[in-house]
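# Fold the following, please.
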Amino acid sequence: MKKKLLFALYQIRYYLHVFRIILQIFIVHVAFKNDFFWKRYFWDRLGSLPHKIRFLAKDKECIWFQAISEGDVIALSNFLRSIKKNTPSYKIIFSTNNHGSFRMLQNMDGVDSVIYFPWDIGYCCRKALNTIKPKYFVVVQLKLKYYLTKR
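Numbering: from 1, shown residues only. Reported below is the predicted structural model:
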């Protein structure tokens with residue numbers, strides 16, 4: 001019983017914190033600041049995807065890739081070209097949380113559309129998943145190790 005109560009308190013605290021952050025981003029960046037990025041992509045993060053994505057995913061098979069860094073995107077470029085070559089009927093939708101990756105993906109061959117990944121809230125993720133309805137969801141995370149050597 002104690003574990004359930006602690007988990008419920010943790011969930012309440014988490015959602016209050018997330019709500020506060022989302023509200024703060026909306027007020028500071030969307031409502032009162034002329035910030036094009038947040039005015040356009042704030043709604044993507046809430047799971048409300050643009051009409052272009054809805055039309056692209058409607059009645060088509062999609063593969064949704066999620067990558068954060070530019071290195072992950074570069075590492076996938078050959079793989080994406082081979083997927084497009086072998087399965088041209090599949091639409092490729094990419095999501096990221098990084099501005100540099102987003103700009104890079106907009107100009108990449110083989111990518112049909114790019115979105116910002118929804119916030120880690122059940123409602124936002126469900127809404128995006130129900131809109132895209134991907135056949136496959138691929139999360140890409142390359143872990144590079146850097147070794148420091150003393151000379």
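# Now do the contacts for residue 135.
61-63, 90 (Cβ atoms under 8 Å, 6 or more residues apart in numbering). C-betas here are computed from N, CA, C, even on glycine.
# now for those, which pair is the farthest apart?
Farthest pair in the contacts of residue 135 (Cβ to Cβ) is 61 and 63. Separation: 7.7 Å.
# Can you pull the residues that touch both of these two?
In contact with both residue 61 and residue 63: 90-91, 135, using Cβ under 8 Å, 6+ apart.
# So which of those residues belong to strands?
Residues of those located in strands (DSSP state E): residue 91.
# export the shared contacts of residue 61 and residue 63 to TSV and tack on distance to residue 142?
Shown next, in TSV, are the shared contacts of residue 61 and residue 63 (distance: Cβ to Cβ, whole Å):
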residue	distance to residue 142
90	23
91	24
135	23
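# quick one, what contacts the residue sitting nearest the centre point of the chain?
Nearest residue to the geometric centre of the chain (Cα atoms, centre = their mean): residue 117, 1.7 Å. Contacts of residue 117 were listed using Cβ under 8 Å, 6+ apart, and they are 45, 66, 95-97.
# what sits against the spatially closest residue to it that is not a sequence neighbour?
Among residues not flanking residue 117 along the chain, residue 95 sits closest, at 4.2 Å (Cβ to Cβ, 6 or more residues apart in numbering). By Cβ under 8 Å, 6+ apart, residue 95 lies in contact with 64-67, 114-117.
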